[in-house]
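1. predicted model follows, preceded by the sequence.
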Amino acid sequence: MLLFSSKKELIAHLATLKNTSTAVGLVPTMGALHKGHLSLVKKAISETKTVVVSIFVNPTQFDNKDDLKKYPDTLDADLEYLKKVSDELIVFTPSVTELYSNNISSKEYDFDGLDETMEGEFRSNHFLGVATVVEKLFSIVKPNKAYFGEKDFQQLLIIKKLIKKTNMPIEIIGCPIVREPHGLAMSSRNERLPKGIRVKASCIYETLLAAKKLFGTKSATNVMNWVKNKFDKQPEFELEYIKIADQDTLGPVKRKQKNKKYRAFIAVYVNGVRLIDNIALN
Ligand code: PAF
């Protein structure tokens, strides 16, 4: 496994490989790796010859300084974890200065409204920070393919939009959500939940499954109200949002149309930890 913290050295190394026309896959992460990340890395290994995993906790995507401070730093364990997957991975662990120099700020982007709802509404400038760091990583690694999890479905759409708007020749691959045995979507934040609460939090996924069933016969508004009522009755869970939207535009569902794909999105606080999840409805 090769480890780089200097972008110059990584670029130089990748240039030697690109001379032999190797396909490069990039898996951007913020560390605290779990089985969800593992599935992205495995998919990248199966589709590209050279796989770069970046580990970088990106300050510009946190609107809450406390959240950034609490973000787990498990670099040694992450490297061990990756080594077990493949000894041929390239791992990029830049410092904040290496990526941002002295200007730790986000670029401005126009995502055609994709960033104005849900995560974008509740975490101000979050997606500008995500797009800024992802664009930096893309321009350093110049991957042929980049891999993102569908747990952050809105992020996935925004990265696809970024590619479209900047004309970068990169294929964005969305990978299915990986769940804990009881159904909770895998997330680095789950580590902050006591075991018992994690099991209880499986009710988030159960509610999404029930919402999917209801959506067969009820309107989006009815289903969203049903979910709100369900969480009103569970005081240890604080529902931040439930939204049923067109999965391509994230616009509201006015009238269900057969040729459109819809998805339910949810954010819930439990034990002070913010969890998100989503499900395809048709
Ligand atoms: O999904 C994440 O872990 C982050 O948002 C990403 C894409 C690595 C950018 O910091």
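-> Perfect, thanks for sending it.
2. what does the stretch 1-150 of the chain put close to the ligand?
-> By C-beta under 6 Å from any ligand atom, the part of the stretch 1-150 of the chain that sits against the ligand consists of 28-30, 58, 61, 130, 133-134. In this view, the C-beta of every residue, glycine as well, is placed from N, C-alpha and C.
3. among these, which are in helices?
-> 130, 133-134 (DSSP state H).
4. so how far is residue 173 from the residue lying closest to residue 143 once chain neighbours are set aside?
-> Using C-beta to C-beta, 6 or more residues apart in numbering and skipping residues adjacent in sequence, the residue nearest residue 143 is residue 26, 3.7 Å away. Note on residue 26: its distance to residue 173, by C-beta to C-beta, to the nearest Å, is 10 Å.
5. residue contacts, the closest residue to residue 282 other than its chain neighbours?
-> Take residue 282 and drop its neighbours on the chain: the residue closest to it by C-beta to C-beta, 6+ apart is residue 262, 5.7 Å away. Residue 262 sits next to 215, 220, 244-247, 253, 256, 280-282 when contact means C-beta atoms under 8 Å, 6 or more residues apart in numbering.
6. ok, 7 Å please
-> Residue 262 is in contact with 244-247, 253, 281-282, counting by C-beta atoms under 7 Å, 6 or more residues apart in numbering.
7. do a quick rundown of the strands in this protein.
-> If DSSP state E is used as the criterion, the strands of the chain fall at 2-4, 24-29, 50-55, 90-92, 145-149, 171-175, 237-246, 262-270, 273-280.
8. for the fifth one, list every residue counted as buried.
-> For strand 145-149, the neighbour count (16 or more other C-beta atoms under 10 Å) marks 145-149 as buried.
9. identify all contacting residues around that strand.
-> For strand 145-149, the external contacting residues (C-beta under 7 Å, 6+ apart) are 25-28, 36, 40, 43-44, 47-48, 138, 155-156, 159, 170-175, 177.
10. one step back: redo the strands of the chain as TSV? Include mean pLDDT.
-> Listed next are these as TSV, based on pLDDT from 0 to 100:
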stretch	mean pLDDT
strand 2-4	98
strand 24-29	98
strand 50-55	98
strand 90-92	98
strand 145-149	98
strand 171-175	98
strand 237-246	98
strand 262-270	98
strand 273-280	97
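11. find the nearest non-adjacent residue to the residue in the stretch 51-200 of the chain positioned nearest to the ligand, please.
-> When scored by C-beta to the nearest ligand atom, the stretch 51-200 of the chain has residue 58 as its residue closest to the ligand, at 3.9 Å. Once flanking residues are discounted, residue 58 sits nearest to residue 133: 4.2 Å by C-beta to C-beta, 6+ apart.
12. name all residues that make contact with the one you found.
-> 56, 58, 60-61, 99.
13. excluding its backbone neighbours, what's nearest residue 168?
-> Nearest non-adjacent residue to residue 168, counting by C-beta to C-beta, 6+ apart: residue 138, 5.7 Å away.
14. correction: residue 128
-> Spatial nearest neighbour of residue 128, chain neighbours left out: residue 106 (3.8 Å); criterion: C-beta to C-beta, 6+ apart.
15. so who does that neighbour touch?
-> 60, 125, 128-129, 132.
16. again, 8 Å this time
-> Counting by C-beta under 8 Å, 6+ apart, residue 106 makes contact with 60-61, 125, 128-129, 131-132.
17. low-scoring stretches of the stretch 101-250 of the chain, by residue?
-> Within the stretch 101-250 of the chain, not a single segment meets pLDDT under 70.
18. which one of residue 26 and residue 173 is surrounded by more residues?
-> residue 26 (27 against 17; other C-beta atoms under 10 Å).
19. residue 113 versus the closest residue to residue 22 other than its chain neighbours, what's the distance?
-> Once flanking residues are discounted, residue 22 sits nearest to residue 49: 4.5 Å by C-beta to C-beta, 6+ apart. Per C-beta to C-beta, residue 49 is found 37 Å from residue 113.
20. swap in residue 122?
-> Distance, residue 122 to residue 113, using C-beta to C-beta: 16 Å.
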